[in-house]
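Visitor: sequence first, predicted model second:
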Amino acid sequence: MSIWEYANPKKFIATTTPVLPWVMWAAAVTLVVGLVWGFFFTPDDYRQGSTVKIFYLHVPAAMMAINIWVMMLVTSLIWLIRRHHVSALAAKAAGPIGIVMTLIALFTGAVWGQPIWGTWWVWDPRLTSFLILFLFYLGYMALWTAIEDDDTAADLTSVLCIVGSVFAVLSRYAVNFWNQGLHQGASLSLDAEENVADVFWYPALVCIAGFILLFVALVILRTHTEIRLRRARALETRMRA
Amino acid sequence: MIALLKRDLALAVRAGGGFGLGLAFFLIVIVLVPFGVGPQAELLTRIAPGILWVAALLAALLSLDRIFALDHEDGSLPLLATSPLPLEAVALVKGVAHWITTGLPLTLAAPALGFLLNLQPSAYGFLLITLLVGTPALSMIGTFGAALTVGLRRGGLLLSLLVLPLYIPTLIFGAEAVRRGADGFSATNALVLQGGITLGVFAFLPFATAAALRVNLR
């Protein structure tokens, strides 16, 4: 078994269709457990009150927003190097999910920032880089929709994704240089001595797992849709000819 | 390469439009700013470095879609692609030609427009240097964007959406260096980082540009 076998869309659909409901249910269960646990069964923070609980949405969404871009970068590279069609479609399928995750992170951040920092938005490095990431997602998806030929679109968006990744990282550090921030440092590093207290940490882990599963389910579903869309279009052209 | 550069420069100058248009746009944006924010001299002094940089960036953006579009329409782009010159070199020359026709005039005009915004006297040198260092990067990034959208009929708006996020690091370091220099702090860090971006962009983006062109010419 290797990923190259799944360059065949038929094989990809045949393998992932039975798996899909399991991933979906797993995502639903983990998300419900994680969020209910986080919202109702953790103590309020002694300074932030119950506002702190938005963290169970904010952190996983923000993590996914970044990691989905990385996933798109990897799938783009696989497409460019080995012409793996399903890989290109998976990158396309992941784009809008990434946009939504970025928006969730920005929105929940604003809702949290209003009572805690007293403002919806500040030009803090982390917030700003997220806004920039959002712009990158927008440009990427706009290029996908603008080009009619599928393979050309896949090639060009892959090149853009690679160049964009370099510039996204550059922007991240440029923004650091430009302004010092209000946002706290990373709160879930593996190598940090002091992290979030365990009571908050375990439900957060469950939520992160839930978001990952949700993403996997959505990507498989959307990739199926893309494959079928392409088939439908091929059939249409054949019927017209 | 030199012949191609000369050809591009001659086309840009003779076809009118591109050459003067960017400069005129730069002037107009700078004139509009005081109407928007009010004529207080201190306020203008404070925002001048950033406004000059943003305006220069937008002016550079204006002529990007012409880099490959004209060649694509009249069919000289496939000829360039099949010529003995590697496509990477063509991309590089196109970027340099764009810089000479837009980035360089913008750089030279910027100090004059600085007067309009009441720029601090200490900032003029920094403005000139950062624009000189930064605008080549804008041209090269723009050439990459133009190569991505060359096959599209209405790529102009998409081009700005693709290119503007890529301009952010250059803008940050450029405007920051002018601001720090004007306030008497050391601008070396920002300048060096900006120079690094420019060099990196010229080293790597011609390859990405050529790749995008090859896809579009397929």
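Guide: In hand now; what should we look at?
Visitor: now the residue lying farthest from the centre of chain B: how far from B:Leu117?
Guide: Computed with C-alpha atoms, centre = their mean, the residue of chain B farthest from its C-alpha average is B:Gln40, at 29.5 Å. To B:Leu117, B:Gln40 is 12 Å away according to C-beta to C-beta, to the nearest Å. C-beta: built from backbone N, CA, C; applies to glycine.
Visitor: close to chain B: what parts of chain A are there?
Guide: A:132, A:135-136, A:138-139, A:142-143, A:146-147, A:152, A:155-156, A:159-160, A:162-164, A:166-167, A:170-171, A:174-175, A:177-178 (C-beta under 8 Å from any C-beta of the partner chain).
Visitor: which members of those are classed as buried?
Guide: Neighbour-count burial (16 or more other C-beta atoms under 10 Å in any protein chain shown) applied to the residues of chain A next to chain B gives A:132, A:135-136, A:138-139, A:142-143, A:146-147, A:155-156, A:159-160, A:162-164, A:166-167, A:170-171, A:174-175, A:178.
Visitor: may I see the buried residues of the least confident helix or strand in chain B by mean pLDDT?
Guide: When each helix and strand of chain B is scored by mean pLDDT, DSSP states H and E, helix B:2-14 comes last, with a mean of 75. Neighbour counts using 16+ other C-beta under 10 Å place B:4, B:8, B:12 of helix B:2-14 among the buried residues.
Visitor: what packs against that helix?
Guide: helix B:18-37, helix B:87-98 (3 or more C-beta pairs under 8 Å, 6 or more residues apart in numbering or on different chains; DSSP states H and E).
Visitor: lowest average pLDDT across the ones you listed?
Guide: With a mean of 85, helix B:18-37 has the lowest mean pLDDT of the helices and strands packed on helix B:2-14.
Visitor: in chain B, which helix is the longest?
Guide: helix B:188-217 (DSSP state H).
Visitor: what about it and chain A, any contact?
Guide: Yes. Judged by C-beta under 8 Å from any C-beta, helix B:188-217 comes into contact with chain A through B:189-190, B:193, B:197, B:204-205, B:208, B:211-212, B:215-216.
Visitor: tell me where the model's unsure across chain B.
Guide: Across chain B, the ranges flagged by pLDDT under 70 are B:13-19.
Visitor: ok, chain A next?
Guide: Those would be A:1, A:45-50, A:180-199, if you go by pLDDT under 70 across chain A.
Visitor: related to what we said a few turns ago, tell me the buried residues in the longest helix of chain B?
Guide: So for helix B:188-217, counting by 16+ other C-beta under 10 Å, buried means B:190-191, B:193-195, B:197-198, B:201-202, B:205-213, B:215-216.
Visitor: that helix vs helix B:87-98, what angle?
Guide: Here the directions of helix B:188-217 and helix B:87-98 differ by 120 degrees (axes from the mean of the first three to the mean of the last three C-alpha atoms, to 10 degrees).
Visitor: what's helix B:188-217 packed up against?
Guide: helix A:150-178, helix B:76-82, helix B:87-98, helix B:124-148, helix B:156-182.
Visitor: highest mean neighbour count out of these?
Guide: helix B:124-148 (a mean of 26; mean count of other C-beta atoms under 10 Å in any protein chain shown).
Visitor: now check that helix, is it near chain A?
Guide: Yes. Helix B:124-148 lies within reach of chain A by C-beta under 8 Å from any C-beta, at B:144, B:148.
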